[in-house]
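**Q** Below: sequence and its predicted model.
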Amino acid sequence: MNKLLILLFLFSSGSITGWVIELFFRRYLDPVERKKKKWVNPGFFVGPYLPIYGTGLIVLYMLGHISIPSIGDVHPLLEKLVIFVIMAACMTIVEFVTGIIFIEHMHLQLWDYSSYWGNIKGVVCPLFSLFWYALAAFYYLVLHPQVNNALDWLSRNLAFSFFIGFFYGIFFLDIIYSFQLMVKIKALADEYQVVVKYNAYKSKLIDIRAEAKEKSYFFFSSRLSSISPREVFDKYRENFSVKRMVMSPILKVADKVKKKD
């Protein structure tokens, strides 16, 4: 089967599945979010998908085919444990790189682990690396054979690729809409010299709606009808943002060049 089609299928499946996992995890298991007792769209996008999980599924699928003969020939169980560690480490790296890119370039923190022990810049922490380890083990032992079966079925039923195309049609429209929203938030973040914690930002919007008794839609939780984003920043930014304390080396160089000009 075409490798591109495999990647597209894995990304779409992982993005949707990850969204469902995050939805229930935040509602019932997350030590911080579960206290709010609210269903909240866990993604930045309008629709039900989290691209980081789509990327993660591709990574897990590729790593699911590796073997370590030097260990596996003697200790098969140890080989699996080592593979799980490699998977969890790769997922943590994907999470870290994604989080830092958004913080440094968009001034947007899509998730916040700053309240968890051992966190690094609030984007990765030991607890969630442990969750990645458990998810990697579950994928390798349970899901990997099913994914291979699904890919085999897809290769014999290529008409199903229509639905994959349908997913990406909606997904790209969502990217356009969400990117416009991201640009607006970034502009305000630049103006106030802050990094916006997006989940806290969404929570504040929901609270404002509740206070105003406005109708709120689950998949459109980033919109407001009676208050502008600027008003939200003027009145409530201390609830969902932090000052930029340290500039990255790249931003420092860019700032110096700008001042010289």
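**A** In hand now; what should we look at?

**Q** Report the mean confidence score over the host helix or strand of Asp174.
**A** In this assignment (DSSP states H and E), Asp174 forms part of helix 161-192. Average pLDDT, helix 161-192: 92.

**Q** how close does Trp39 sit to Phe24?
**A** Remark: distance between Trp39 and Phe24 (CB to CB, to the nearest Å) = 9 Å. Heads up, the C-betas are built off the backbone N, CA and C, glycines and all.

**Q** Quick one: list the elements packing against the helix holding Asp174.
**A** Contact partners of helix 161-192 among helices and strands, from 3 or more CB pairs under 8 Å, 6 or more residues apart in numbering; DSSP states H and E: helix 3-24, strand 108-109, strand 194-197, helix 229-236.

**Q** Specify the angle between that helix and helix 229-236 in degrees.
**A** Here helix 161-192 points in a direction 50 degrees away from that of helix 229-236 (axes from the mean of the first three to the mean of the last three CA atoms, to 10 degrees).

**Q** Helix 3-24 and helix 161-192, what's the angle between them?
**A** Using the same axes, to 10 degrees: helix 161-192 against helix 3-24 is 60 degrees.

**Q** What residues sit buried inside helix 161-192?
**A** The neighbour-count check on helix 161-192 (16 or more other CB atoms under 10 Å) flags Ile164, Phe167, Phe171, Asp174, Ile175, Ser178, Met182, Ile185, Lys186, Leu188, Ala189, Tyr192 as buried.

**Q** Going by distance to Met91, which of the residues you listed wins?
**A** Distances from Met91 to the buried residues of helix 161-192, taken as CB to CB, are shortest for Phe171 (21.5 Å).

**Q** The closest one contacts Leu50, doesn't it?
**A** No: Phe171 lies out of contact with Leu50 (CB atoms under 8 Å); the separation is 11.5 Å.

**Q** what do those two both touch?
**A** Ser15 (CB atoms under 8 Å, 6 or more residues apart in numbering).

**Q** if I pick the spatially closest residue to Val123 that is not a sequence neighbour, what's in contact with it?
**A** In space, and not counting its chain neighbours, Val123 is closest to Gly99: 3.0 Å by CB to CB, 6 or more residues apart in numbering. Gly99 makes contact with Gln109, Leu110, Trp111, Lys121, Gly122, Val123, Val124 under the criterion CB under 8 Å, 6+ apart.

**Q** Do a quick rundown of the helices in the protein.
**A** 3-24, 51-63, 69-72, 76-101, 126-138, 144-156, 161-192, 198-212, 229-236, 249-260 (DSSP state H).

**Q** Packed most tightly, which of the ones you listed would that be?
**A** Greatest average neighbour count among the helices of the chain goes to helix 51-63 (a mean of 21), per mean count of other CB atoms under 10 Å.

**Q** That one packs against which elements?
**A** Judged by 3+ CB pairs under 8 Å, 6+ apart, the packing partners of helix 51-63 are helix 3-24, helix 76-101, helix 144-156.

**Q** Repeat the analysis, applying 10 Å as the threshold.
**A** Secondary-structure packing of helix 51-63 (3 or more CB pairs under 10 Å, 6 or more residues apart in numbering; DSSP states H and E): helix 3-24, helix 76-101, helix 126-138, helix 144-156, helix 161-192.

**Q** residues contacting the residue minimising distance to the centre of the chain?
**A** Nearest to the geometric centre of the chain sits Ile52, at 4.5 Å (CA atoms, centre = their mean). For Ile52, the contact set (CB atoms under 10 Å, 6 or more residues apart in numbering) comprises 14-15, 18, 22, 43, 91, 94-95, 97-99, 110-111.

**Q** Where does confidence bottom out across those residues?
**A** Of all the contacts of Ile52, Gly43 has the smallest pLDDT value, namely 82.

**Q** what's the closest non-adjacent residue to it?
**A** Leu50 (4.9 Å).

**Q** contacting residues for that neighbour?
**A** By CB under 10 Å, 6+ apart, the contact list for Leu50 reads 14-23, 42-44, 56, 110.

**Q** Roughly how far does Ala89 sit from Ser115?
**A** Relative to Ser115, Ala89 is positioned 23 Å away (CB to CB).

**Q** err, Asn148, not the other one
**A** For Asn148, the distance to Ser115 - CB to CB - is 39 Å.
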